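Q: I would like to see how this sequence folds:
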Amino acid sequence: QVQLVESGGGLVQAGGSLTLSCTTNDSSVRLSSVGWYRQAPGKQREYVASVRSGGGPKYVASVKGRFTISMDSAKNTVYLQMNNLQPEDTAVYYCNADTSRTVPPFSTLSIWGQGTLVTVSS
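A: As a prediction, the model looks like this:
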C-alpha cells in the first residue's frame, strides 16, 4: 500500500530552522500536488503551504516570508524549509498529496502522511 513518508521534525529553539520532507514509499507513485498542514495541541488542523507540479507555491499568512515549500520532481519529494521558527509553530506537521501511479494499474489517490512533530522552545 502506497504511503507518504515524512521526515525532518524535531526540537529547535526559537529562531532556528528545520526542513521537512515528504515523499512516497513507491517510486512509481508520483507526487502531483502537495500540501503541508499542522495541528497544534488542542487545536484544529490548519493549512500551512502547498505546491503543485509546474505551479507556484502558496502559504498561509502566518508563515509567509519564513517558510518555503518546494518540489523536487526528480526526487519525487516536497520540502518545507522553515526558518525563524517560533513557539507558536509547534505542532504535528502533516503532508497531504495528490498522487498518480505511473505503472498499471494507473490510478490517482490523495494520501495523508503520518505526521512529524515540530517543537519550538522559547
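Q: any weak-confidence spans in the protein?
A: Along the chain, the model assigns pLDDT under 70 to no residue.
Q: give me the secondary structure label for the residue located most distally from the centre of it.
A: Among residues of the chain, the one most distant from the C-alpha centroid is Pro104; the distance is 27.0 Å, by CA atoms, centre = their mean. At Pro104 the chain is in coil, as set by DSSP: H, G, I helix; E, B strand; the rest coil.
Q: just Ala74 next, same as before
A: For Ala74, the secondary structure call by three-state DSSP comes out as coil.
Q: mind starting the numbering at 28 from now?
A: Yep, numbering from 28; the last one is Ala101 now.
Q: quick one: Thr46 and Gln108 touch, right?
A: Yes - counting by CB atoms under 8 Å, Gln108 is a contact partner of Thr46 at 5.0 Å. C-beta coordinates here come from the backbone N, C-alpha and C atoms, glycine included.
Q: where do the helices sit along the chain?
A: Counting by DSSP state H, one finds no helices in the chain.
Q: all strands for it, in order.
A: Using DSSP state E, the strands assigned to the chain run over residues 31-34, 37-40, 45-51, 56-66, 73-79, 85-86, 94-99, 104-109, 118-128, 134-139, 143-148.
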